[in-house]
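Enquirer: no FASTA, just this:
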């Protein structure tokens, strides 16, 4: 009887240990599923918040460019602005005398299709299904003639790990417009 009782205890003890491991694995799987579900809901919100920060920073960059150009009163005046682009692209459209920032985003910055005036900058959000295309633009064509490397070209500055060094030079006046030349280093 003693042998049988000891054998029974050993079998029950082994089954109990096995049951603990099975329960532990099940609990871990449930925890991983819960974390996966939480992340699937939180991650898009985090991406939207990141995109909002990038858009706000890009708006500030365009405002900084605007302020630099406006304060460059004398011919030959040269200024430097370091521009960091982590997402999207900054476009110097010297053919149309505009500075434009464009970005595809999950964040809807403004009402899709409507132009929103933010100081001298116009913001437009275009709906593209799940994503949106955000465009911020500043038109200088009334008072300034923008050039890039002294040419009327379209220059796109894309995402980069280091900031761009953007130089502005007041090159005097022509046809009642001040010529502002952009160069990058």
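Expert: Okay, I see it. Bear in mind that the values here come from a model prediction, so they are computed numbers and not experimental data.

Enquirer: Report pLDDT for the residue lying closest to residue 44 once chain neighbours are set aside.
Expert: Spatial nearest neighbour of residue 44, chain neighbours left out: residue 106 (6.1 Å); criterion: Cβ to Cβ, 6 or more residues apart in numbering. Every C-beta, even on glycine, is put in place using the N, C-alpha and C of the backbone. pLDDT recorded at residue 106 is 85.

Enquirer: Tell me the spacing between residue 106 and residue 86.
Expert: Using Cβ to Cβ, to the nearest Å, residue 106 is found at 15 Å from residue 86.

Enquirer: Next one: the residue nearest to residue 44 from residue 127, what distance?
Expert: From residue 106 across to residue 127, the span is 12 Å (Cβ to Cβ).

Enquirer: Now the host helix or strand of residue 61: average pLDDT?
Expert: Element membership for residue 61, per DSSP states H and E: helix 2-71. Averaged across helix 2-71, pLDDT comes to 81.

Enquirer: Name the residues of the helix or strand just after it that are buried.
Expert: Later in the chain than helix 2-71, the nearest helix or strand by DSSP H and E is strand 78-83. Within strand 78-83, the residues scored as buried using 16 or more other Cβ atoms under 10 Å are 79, 81, 83.

Enquirer: May I have the beta-bridge partners of the first one?
Expert: Read it as residue 79. Per DSSP bridges, the residues bridged to residue 79 are residue 168.

Enquirer: quick one: contacts for it?
Expert: Shown in contact with residue 79 (Cβ atoms under 8 Å, 6 or more residues apart in numbering): 68, 72, 167-169.

Enquirer: and these as a markdown table, adding neighbour count?
Expert: Listed next are the contacts of residue 79 as a markdown table, based on neighbours: other Cβ atoms under 10 Å:
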| residue | neighbour count |
| --- | --- |
| 68 | 16 |
| 72 | 18 |
| 167 | 14 |
| 168 | 18 |
| 169 | 18 |
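
Enquirer: For residue 158, list the residues it contacts.
Expert: 85, 89.

Enquirer: and stretch 106-124, how far apart are its ends?
Expert: The first residue of stretch 106-124 is 14 Å away from its last residue (Cα to Cα, to the nearest Å).
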